[in-house]
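Q: Build me a structure from this.
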Amino acid sequence: MPIGLIIMKWDPKISTEIVKKYPEEIIVTDETLMQIYAAHEYTSEPGMISLLVGHLNIASYYTGSEKPLYIILLLGLDEDPDLYEGGLTDIARLILQNYEERAYVEMVPFLFQRLSAYPRLNKEQTLAITYQDDINRLIINRLREEGVVLKSDLKIWLKDKYRKVFIDLDSTLMELIKREIIKESTVKGMPSELIFFINDIFMIRKPPTNLYINPVERGLPEDFAEEYHSMIKRFFQSYRPNEEDHLKLLDLFTDPQTYEILKLLRLAIVTRNSLEKLKKKGVEDLDSGLKKLWNNNLVHVFMNNNGVEFYALISDFQISLVYPKYILNTILHQYDVKSKSEGVLIEYLRVLEDVYYPHKPKRKTKA
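A: Numbers count the residues shown, from 1 in each chain. Now for the predicted structure:
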């Protein structure tokens, strides 16, 4: 587990300066902070470095000269800093998006909690973090239209479209590669690497099927079963998927405490006493998490004559990777209008075939 998080800046008059640290009791010497600063100065590029200083295992992210901050994560000696690179990139963007008037300072405890959970996130949480990011969405939405773009063109386009913060394109693309959303490759004769779209992100609300089928067996008093069924049916009769709703729900998936509550409610319809046990899993603010689920039409509370509350999901949310079959029509159109070279399109078809048939036997070559 990470030990602490420090936000540092450089002031030529007073050297290194800690803007905020969490928890407050962590101590890092000025000499160590200076070593971190010097290591970033040596590379002179925004991004992450890792180093060992005495008994400290450090992963540090520099945000760049335009809005210069050093985001320093202190780790246990047995932890791998590279596991946190994607998480540091993620919170660096959140900090820069809240840079004005130092609005990010109050976010540091939440950012530390989010970063601490990063290596243990499951598939749907990592996809939620991926799509929640503005830069990733811009890239994904462009690739949904074109399928394949030059890396050099993408860099120029992003700088023009998103001028709020520095964009570490290499780190961003590396995370998308890890998530199996894109593949980077080269084609002879092209001026730069190509970015191929190989998997899309699918999002939709869905009924809590297991709870709906057997609500009484899952913990709901029988008197409420019919009302529960009617409530779910009414919700989905009027439900229409939309991007705004999806983004609100992604916030719940990337909040570790709220997500723990959701995981329990997916399994059973429970009382307040059962929810209180989640404090052992780090859910310190149960009411805040439940309020978020309520406000987003995910949970309903039934109360019996004795005042006992039963918390039940009325909708759930699915986020997963899907193979983009629709992109084949895009490739055919690009071939017809000659908007992409034949070599690029042939390579894209080969890449898509490899994704679609990951276990196909290799063809035997003639001697």
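Q: Tell me who's in contact with Pro208.
A: Ile232, Arg266, Ala312, Leu313, Ile314, Ser315, Asp316 (CB atoms under 8 Å, 6 or more residues apart in numbering). Any C-beta I mention is one placed from the backbone N, CA and C, and that applies to glycine too.
Q: make it 6 Å
A: Leu313, Asp316 (CB atoms under 6 Å, 6 or more residues apart in numbering).
Q: measure it to Asn214 for me?
A: 11 Å (CB to CB, to the nearest Å).
Q: how is the chain carved up into domains?
A: The chain breaks down by automatic domain parsing into domains covering 4-119, 126-199+324-356, 202-320.
Q: Okay, and the residue nearest in space to the middle of the chain sits in which element?
A: Among the residues of the chain, the one closest to the centroid is Ile129, at 1.1 Å (CA atoms, centre = their mean). Element membership of Ile129, judged by DSSP states H and E, is helix 123-132.
Q: and that helix, what does it pack onto?
A: helix 243-253, strand 316-322 (3 or more CB pairs under 6 Å, 6 or more residues apart in numbering; DSSP states H and E).
Q: in the next helix or strand after it, what counts as buried?
A: Scanning forward in sequence from helix 123-132 by DSSP H and E, the next helix or strand is helix 134-146. Within helix 134-146, the residues that qualify as buried are Ile135, Asn136, Leu138, Ile139, Ile140, Arg142, Leu143, Glu146, counting by 16 or more other CB atoms under 10 Å.
Q: Out of the residues you listed, flag the one nearest to Glu260.
A: Asn136 (24.5 Å; CB to CB).
Q: Not counting its neighbours along the chain, what's nearest the closest one?
A: Closest residue to Asn136 apart from its sequence neighbours, by CB to CB, 6 or more residues apart in numbering: Thr130 at 5.3 Å.
Q: Name the residues that touch the helix holding Ile129?
A: Applying CB under 6 Å, 6+ apart, the contact partners of helix 123-132 are Asp90, Asn136, Arg179, Ile201, Leu250, Phe253, Thr254, Ile319.
Q: Report the mean confidence score over that helix.
A: Averaged across helix 123-132, pLDDT comes to 93.
Q: Kindly report the same for stretch 247-263.
A: Average pLDDT, stretch 247-263: 93.
Q: Show me where the chain has its strands.
A: Under the criterion DSSP state E, the chain contains strands at 4-11, 15-22, 47-53, 56-62, 70-75, 148-150, 182-185, 194-197, 200-206, 270-271, 299-303, 309-313, 316-322.
Q: Show me what the first one is packed up against.
A: For strand 4-11, the helices and strands in contact under the criterion 3+ CB pairs under 6 Å, 6+ apart are strand 15-22, strand 70-75.
Q: Next, the angle from it to strand 70-75.
A: Calculated by axes from the mean of the first three to the mean of the last three CA atoms, to 10 degrees, strand 4-11 forms an angle of 150 degrees with strand 70-75.
Q: Which parts of strand 4-11 count as buried, going by neighbours?
A: Buried residues in strand 4-11, counting neighbours by 16+ other CB under 10 Å, are found at Gly4, Leu5, Ile6, Ile7, Met8, Trp10.
Q: Name all residues that make contact with the first one.
A: Read that as Gly4. By CB under 6 Å, 6+ apart, the neighbours of Gly4 are Ile26, Leu74.
Q: Against Phe112, how distant is it?
A: For Gly4, the distance to Phe112 - CB to CB - is 7 Å.
Q: Correct me if wrong: Val322 contacts Asp200.
A: Yes. Contact criterion CB atoms under 6 Å: Val322 and Asp200 qualify, at 5.2 Å.
Q: More neighbours: which of those two?
A: A count of neighbours by other CB atoms under 10 Å puts Asp200 above the other of Val322 and Asp200, at 18 against 11.
Q: okay, the spatially closest residue to Gly47 that is not a sequence neighbour: pLDDT?
A: Excluding the flanking residues, the one nearest Gly47 by CB to CB, 6+ apart is Asp168, at 5.6 Å. Note for Asp168: predicted pLDDT of 74.
Q: what are the phi and psi angles of Asp168?
A: phi -90, psi 90 (degrees, to the nearest 10).
Q: Compute the number of surrounding residues for it.
A: For Asp168, using other CB under 10 Å, the count is 21.
Q: before we move on, what about Leu115?
A: Leu115 has 20 neighbouring residues, counting by other CB under 10 Å.
Q: and what of Phe202?
A: Using other CB under 10 Å, Phe202 has 13 neighbouring residues.
Q: Which residues are in contact with it?
A: Ser320, Val322.
Q: Which strand residues bridge it?
A: Beta bridges link Phe202 to Ser320 when assigned by DSSP bridges.
Q: Tell me the spacing between it and His246.
A: 10 Å.
Q: Could you do Ile269 as well?
A: From Ile269 to His246 the distance is 25 Å (CB to CB).
Q: can you check Ile49 too?
A: Taking CB to CB, one finds Ile49 at 35 Å from His246.
Q: swap in Glu309?
A: According to CB to CB, Glu309 and His246 sit 29 Å apart.
Q: tell me the phi and psi of Ile27?
A: phi -130, psi 130.
Q: Could you do Ile198 as well?
A: Per degrees, to the nearest 10, the backbone of Ile198 is at phi -120, psi -20.
Q: That one: neighbour count?
A: There are 23 residues near Ile198, going by other CB under 10 Å.
Q: so where is this protein shaky, pLDDT-wise?
A: 163-166, 358-367 (pLDDT under 70).
Q: how does it look with 50?
A: 359, 367 (pLDDT under 50).
Q: on that earlier part again, with distance to Arg102 added, can I get the helices and strands packed on helix 123-132 in a markdown table?
A: Shown next, in a markdown table, are these (distance: least, CB to CB, whole Å):
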| stretch | distance to Arg102 |
| --- | --- |
| helix 243-253 | 22 |
| strand 316-322 | 32 |
